[in-house]
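Enquirer: The following comprises the amino acid sequence and a computationally predicted model.
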Amino acid sequence: MPSVLVILADGFEELEAFAPVDLLRRGEVEVTVASLNDNRHATGRSGITAHADVALSAVLGKTFDLVFLPGGAGVKNLRADPRVREIVLQHHAAGRWLAAICAAPTVLNDYGLLAGKRYTAHFSVASELPAILAAERIVTDGQITTSRGAGTAVEFGLHLVALLVSPAKSAEISKAICL
């Protein structure tokens with residue numbers, strides 16, 4: 001069973017986190033939601049407080065098939081946390097999948113992982129990401145998948161299911177949710 005680590009920081013965009021998590025779990029992917037906070041809580045931009053499966057400190061040193069970073073204002077907290085850097089770079093070095101949506105591709109850019117890659121992100125971070133493919137909803141280049149924002153979250157989640165499980169499973173879930 002494929003495994004995914006989702007890292008939540010205060011200020012995360014709820015739709016960008018919860019839609020892919022839901023779809024991945026429907027795809028029978030083992031999803032671990034981790035909060036930067038030791039109390040396992042993270043409050044999103046719309047005031048919804050998530051109770052994560054674990055604190056991020058509990059998964060340090062563990063390996064997942066994919067590490068997923070949701071966007072939103074909380075990206076500044078992801079960028080400031082050295083544990084996020086450690087996890088992302090460890091997974092990149094191991095050839096594992098990385099996924100980021102909205103403003104979260106800036107985290108990958110901070111670590112030099114977008115150099116020479118095709119990617120997309122939210123228009124609000126275009127000044128930091130000059131090679132953004134603004135018209136693309138989802139871009140996969142090598143082991144990195146990026147998406148634009150809350151409006152692409154369902155499509156993005158289904159894309160991740162296709163990558164980790166199969167296109168057939170993604171299509172089955174798409175039909176079941178009336179997409």
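Expert: Structure's in. What do you need?
Enquirer: For the protein, which segments count as helices?
Expert: 14-26, 75-80, 82-93, 105-110, 153-164, 167-176 (DSSP state H).
Enquirer: I'd like to know which of these lies nearest to Leu133.
Expert: Between Leu133 and these, the tightest spacing by CB to CB is seen for helix 105-110, at 10.7 Å. Any C-beta I mention is one placed from the backbone N, CA and C, and that applies to glycine too.
Enquirer: for the residue nearest to Trp97 when sequence neighbours are not counted, what are its contacts?
Expert: Closest residue in space to Trp97, ignoring its immediate chain neighbours: Leu66 at 3.8 Å, by CB to CB, 6 or more residues apart in numbering. When contacts are counted by CB atoms under 8 Å, 6 or more residues apart in numbering, Leu66 touches Pro2, Ser3, Val4, Leu5, His91, Arg96, Trp97, Leu98, Ala99, Leu160, Leu163, Leu164.
Enquirer: Likewise for Val88?
Expert: With CB under 8 Å, 6+ apart, Val88 has these contacts: Val67, Leu69, Leu98, Val107, Leu108, Tyr111, Leu113.
Enquirer: What subset of those residues is buried?
Expert: Val67, Leu69, Leu98, Val107, Leu108, Leu113 (16 or more other CB atoms under 10 Å).
Enquirer: where does the second one sit relative to Ala168, distance-wise?
Expert: Relative to Ala168, Leu69 is positioned 27 Å away (CB to CB, to the nearest Å).
Enquirer: got it, and the fifth one?
Expert: Relative to Ala168, Leu108 is positioned 29 Å away (criterion: CB to CB).
Enquirer: try the fourth one
Expert: With distances defined as CB to CB, the gap from Val107 to Ala168 amounts to 31 Å.
Enquirer: just the first one next, same as before
Expert: Shown here: Val67 relative to Ala168, a distance of 25 Å by CB to CB.
Enquirer: The third one now?
Expert: Distance, Leu98 to Ala168, using CB to CB: 24 Å.
Enquirer: could you measure Asp110 against Arg79, distance?
Expert: Separation of Asp110 from Arg79 (CB to CB): 6 Å.
Enquirer: Check Asp22 too.
Expert: 26 Å.
Enquirer: can you check Gly149 too?
Expert: Look at Gly149 and Arg79: by CB to CB, they are 18 Å apart.
Enquirer: more neighbours, the two?
Expert: Ranked by neighbour count (other CB atoms under 10 Å), Gly149 and Arg79 place Gly149 first, with 21 against 18.
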